[in-house]
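**Q** Provided below for reference: sequence and predicted model.
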Amino acid sequence: MSRLTISMPDQMNEWVEAQINTGRFGNVSEYFRDLVRRDQERRDAATVELRALVERAEASGISDRSMSEVIEQARLEARQKGLLRDQS
């Protein structure tokens, strides 16, 4: 197992210590291993989701809409989901 040294602001260190004091983690290393594990799981899930989107897109065939129509529809959907701000 390798050793890693990190620096962080006092406020973050206090947060980490508070998480350990809840009893959920035995020490700082356990807390950070949990963070890394959850980040890996999140990224793996995002990759699976992206692959599924690509597969659905490929299976849907070629659109008869123009590229600008496709982009405008994507922007509209992103705005409706709160993922894109209006750019006036």
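**A** Good, I have the coordinates. Residues are numbered from 1 along each chain as shown.

**Q** The host helix or strand of D39: what's the following helix or strand?
**A** Following DSSP states H and E, one finds D39 within helix 28-59. Using DSSP H and E, the helix or strand that follows helix 28-59 in sequence is helix 67-80.

**Q** Could I get the buried residue list for that next one?
**A** When neighbours are counted by 16 or more other Cβ atoms under 10 Å, no buried residue of helix 67-80 is found. Heads up, the C-betas are built off the backbone N, CA and C, glycines and all.

**Q** CA atoms only: put that helix into PDB for me.
**A** The C-alpha coordinates for helix 67-80 follow below in PDB (Å, rounded to 0.1, in the frame of the first residue of the first chain):
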ATOM      1  CA  MET A  67     -27.400  19.800 -37.800                       C
ATOM      2  CA  SER A  68     -28.600  23.200 -36.700                       C
ATOM      3  CA  GLU A  69     -32.100  21.800 -35.900                       C
ATOM      4  CA  VAL A  70     -30.600  19.000 -33.900                       C
ATOM      5  CA  ILE A  71     -28.400  21.400 -31.900                       C
ATOM      6  CA  GLU A  72     -31.300  23.800 -31.300                       C
ATOM      7  CA  GLN A  73     -33.400  20.900 -30.000                       C
ATOM      8  CA  ALA A  74     -30.600  19.800 -27.700                       C
ATOM      9  CA  ARG A  75     -30.200  23.300 -26.400                       C
ATOM     10  CA  LEU A  76     -34.000  23.600 -25.700                       C
ATOM     11  CA  GLU A  77     -34.000  20.300 -23.800                       C
ATOM     12  CA  ALA A  78     -30.900  21.300 -21.800                       C
ATOM     13  CA  ARG A  79     -32.600  24.600 -20.900                       C
ATOM     14  CA  GLN A  80     -35.800  22.800 -19.800                       C
END
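
**Q** Residues touching it, excluding its own?
**A** If you take Cβ atoms under 8 Å, 6 or more residues apart in numbering as the criterion, helix 67-80 is touched by S63, R65, L84, R85, D86.

**Q** Among the residues you listed, give me the pair with the biggest separation.
**A** S63 and R85 (26.0 Å; Cβ to Cβ).
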